[in-house]
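Visitor: pasting the sequence and the predicted coordinates here, then a few questions.
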Amino acid sequence: MDETHKEKTRGRSLSDFTVELDVYSGPYEWLLALILRDEVEIFEVPLRELVALYMGNRVPERPNTLERDTDFAGSAASLVLLKSRALSPAAEAEADGDEEESLSPEQLAEKLSRYLKVKRGAETLRERFEANAGFYSSGQVLRSRPGRLRIKPERLIGTARRVFSRLTEPPVSHLGQITVTLQDLATLIRTSLASGPVSYEDLTRNMDRLNSAVAFAAALSLASEGRLTLSQPEPLGPLTFEPVP
Amino acid sequence: MTGGPDALSLVEAVLLVSPLPVNLQALRSATGLRDAEVRDTLAALEIRYAPETSGIVLRHVAGGYQLATNPSCAEAVERFREEARPAPLSSAAHEVLSCALYLGPLTRGGVSAVRGVNSDAVVRNLLDRGLLAEAGVDSDSLGSPALLAVTEDFLAATGAASRDDFPNLDSLVGPEELARVRERLGSAEEPPESD
């Protein structure tokens, strides 16, 4: 029976982890699915808050803590990668085949001014939506009236385009296959610490970005368990892992 | 009992069964009343359904009139209908709607250009929620992309009778603030002084 349960929950150790964010509230696994389907914008997901939520809900005594940590670190690392790629203008320009247009100071000022106005407009809209929430109209459903239904060809084409465009799965090939576990990198860090303090840069010098991100998560996990201390003299400065005697 | 129902009863009955705002023309057509009678009746209904004393209110939204529940009773309505209030829109969604309202109709590319980030996912979500709709195509652009505009549902959700209810785009940012933007850009453009 235990084996059956393990089989059912394999890879789903986070199924009971729910998150409460401004942009989304519900199971974490659904959030990942919505991000992959482009239904939640990765720009709007505060990853720091997500990690804080996970750490806040973490119970080290649980039997599958390591598996949960591994799954979370893996998915969080993918989100970091996805967000960094989405925010990189170079990557987007390359994908679109466009070269970045150079704007004169006047054009740039015009563009920023227009965006500022649109942003202010968005703020007034938010207030209006909030002020007008909670109105419910009649639950009656009106039957369509024969002879009054007008189908405009361009709207039909637009609708068809929208329906079929939803069949296209979002590209996820850039995410790559996750081939590293938090446990592997935690072991690597602990081995390195046996001979004294080690810098994050040295540790991850030959790693790719995914491994580097998971190594960082592993270090955080070890630090929270009191097995190492992190020292960083200044924000974004060199990070050093020190063994706890 | 003599005669048929009065004007107030007729308009009230039509509004009650309509899930969408009903415009004056439709009210006239359904009730057989004259324009002035319909307007007087709506004024009387507004008093009858004053938010302070009624669980139903009369709204003038999206170019028509609509009977809706009083928001102060929303929790009870939601419990009865066993449904949660729709999740609030994200900041990005508000920006996209602002683009469509003030600069629209415009294409997805146009929205993304104004915001400086790809907005396709947000647009799709707003189309699904019925707050945006495709309103024609931009024939001058390659591939004739669809033009996006705000919908009547959007007007109803924002409590607006028409697009004129929204403040003018240029009035949203003061000249001093715009001057500060230009000033900052100007100082960023100036080369650092050399010794």
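Guide: Sure thing, it's come through.
Visitor: so stretch B:89-97, near chain A or not?
Guide: Yes - against chain A, stretch B:89-97 shows contacts by Cβ under 8 Å from any Cβ of the partner chain at B:89-92, B:94-95, B:97. Using the backbone N, CA and C atoms, a C-beta is placed for each residue, glycine as well.
Visitor: just these now: which is nearest A:K119?
Guide: Of all those, A:K119 sits closest to B:E95, with 6.4 Å by Cβ to Cβ.
Visitor: list the contacts of the closest one.
Guide: Applying Cβ atoms under 8 Å, 6 or more residues apart in numbering or on different chains, we find B:E95 in contact with A:118-119, A:122, B:115, B:119.
Visitor: and the two most separated of these?
Guide: The distance between the two most remote of these (Cβ to Cβ) is 13.5 Å, for A:K119 and B:S119.
Visitor: rewinding a little: out of the residues of stretch B:89-97 next to chain A, which are buried?
Guide: B:89-92, B:94-95, B:97 (16 or more other Cβ atoms under 10 Å in any protein chain shown).
Visitor: can I get the residues you listed in a markdown table with distance to A:D202, pLDDT and secondary structure?
Guide: Formatted as a markdown table, those follow (distance: Cβ to Cβ, whole Å; pLDDT from 0 to 100; DSSP: H, G, I helix; E, B strand; the rest coil):
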| residue | distance to A:D202 | pLDDT | secondary structure |
| --- | --- | --- | --- |
| B:L89 | 46 | 86 | coil |
| B:S90 | 40 | 84 | coil |
| B:S91 | 40 | 85 | helix |
| B:A92 | 39 | 87 | helix |
| B:H94 | 46 | 93 | helix |
| B:E95 | 43 | 93 | helix |
| B:L97 | 49 | 95 | helix |
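Visitor: between these, which is nearest A:L82?
Guide: Closest approach to A:L82 among these (Cβ to Cβ): B:A92, at 16.2 Å.
Visitor: test my guess that that closest one contacts A:E44.
Guide: Yes - with contact defined as Cβ atoms under 8 Å, B:A92 reaches A:E44; the gap is 6.0 Å.
Visitor: any idea how far the longest helix belonging to chain A is from the middle of the chain?
Guide: For chain A, the longest helix by residue count, based on DSSP state H, is helix A:105-131. Distance of helix A:105-131 from its chain centroid, counting by Cα atoms, centre = their mean, to the nearest Å, is 26 Å.
Visitor: and whichever helix or strand comes after it, what does it pack against?
Guide: Note on helix A:105-131: by DSSP states H and E, the next helix or strand toward the C-terminus is helix A:153-165. Applying 3 or more Cβ pairs under 8 Å, 6 or more residues apart in numbering or on different chains; DSSP states H and E, we find helix A:153-165 packed against strand B:132-137.
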